[in-house]
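In: All I have is the shape, not the residue letters:
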Ligand code: LHQ
């Protein structure tokens, strides 16, 4: 029987599909566990140099499965500390690029899981909804951190307080996602992007992720110091030598992705 998460190994990358289509891929504990395991395996596998996250069926993810929780406050907090927060941290700390192909509605924590990914493509039919206020909750899974940074304070406040849906095209115009794509083209576009990323200097890309993550809280001075330190690390890696050699030899680089 198929589980709540499907994992397909491709040439140098993995596709992870949330797989509860009849519930718009809403999160249960089983789905959380399977997704955590899939991400950990992708992180540990040196042969996997990029990850694609998407959803089965017509939705990407409707957030927490509201049929699978009680309304006890401690239980709700535990779900966040034991499952959602580690998931967002896993995605951000993944030492390789993770692309999200938002194939349909992304609501509640589902929207914020998508926003945590490195590059977000969305089908034109997709919508992003900070559904939390509609059930008297607070945006979680990093929503109150990602949204103001991605779309600015004014839009973040209105989206969080009203729970209004944002179309994929609006999300692209606002800089909330990388690109809105025709529905039928989404998977193909996303797979092409991930396959390309899987040929790139993975260890250097992991350092780029670290630098960008740190920038949100750093002063310019601190960020300049961090860039110098990370650049030192990057330039000590074999892919840097290969990149420069390939440039001078006017040929495509053959990166190993290794540190
Ligand atoms: C669902 C869900 C769902 C169960 C659709 N659960 N079945 C963290 C920690 C602790 C506590 C709480 O929360 C969190 C984080 C969160 O994510 S809170 C936010 C939770 N999510 C929501 O509030 C969204 C609820 N869903 C909706 O508002 C709508 O379903 C959306 C706007 C996503 C989609 O609307 P439609 O396209 O009209 O689809 P639908 O409503 O007909 O849903 C299709 C099926 O999926 C339906 O089942 P059924 O058996 O009737 O066909 C829904 O009941 C089920 N479903 N979301 N979150």
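Out: Structure's in. What do you need? Note that the structure is a prediction, hence the values are computed from the model and not measured. Numbering: from 1, shown residues only.
In: Helices of the stretch 101-250 of the chain, residue ranges please.
Out: 109-116, 143-151, 153-162, 168-174, 186-197, 202-215, 220-235, 238-248 (DSSP state H, counting those that start in this stretch).
In: Comparing the ones you listed, which comes out most buried?
Out: Mean neighbours per residue, mean count of other Cβ atoms under 10 Å, is largest over these for helix 109-116, with a mean of 28. Bear in mind the C-beta positions are built from the backbone N, C-alpha and C, glycine included.
In: What helices and strands are in contact with that helix?
Out: strand 59-61, helix 85-93, strand 98-102, strand 127-129, helix 143-151 (3 or more Cβ pairs under 8 Å, 6 or more residues apart in numbering; DSSP states H and E).
In: Could you pull out the buried residues of the second one?
Out: In other words, helix 85-93. For helix 85-93, a neighbour-count test (16 or more other Cβ atoms under 10 Å) marks 87, 88, 90, 91, 92 as buried.
In: Can you list the buried residues in the helix or strand of the chain with the lowest mean pLDDT?
Out: Ranked by mean pLDDT, DSSP states H and E, the helix or strand of the chain with the weakest confidence is helix 73-79, at a mean of 88. Using 16+ other Cβ under 10 Å as the burial criterion, the residues of helix 73-79 that qualify are residue 79.
In: quick one: is that helix near the ligand?
Out: Yes. Looking at helix 73-79 against the ligand by Cβ under 6 Å from any ligand atom, the contacts come from 76, 79.
In: thinking again about what came up before, which stretch among the helices of the stretch 101-250 of the chain comes nearest the ligand?
Out: Nearest to the ligand among the helices of the stretch 101-250 of the chain is helix 109-116; the distance by Cβ to the nearest ligand atom comes to 3.4 Å.
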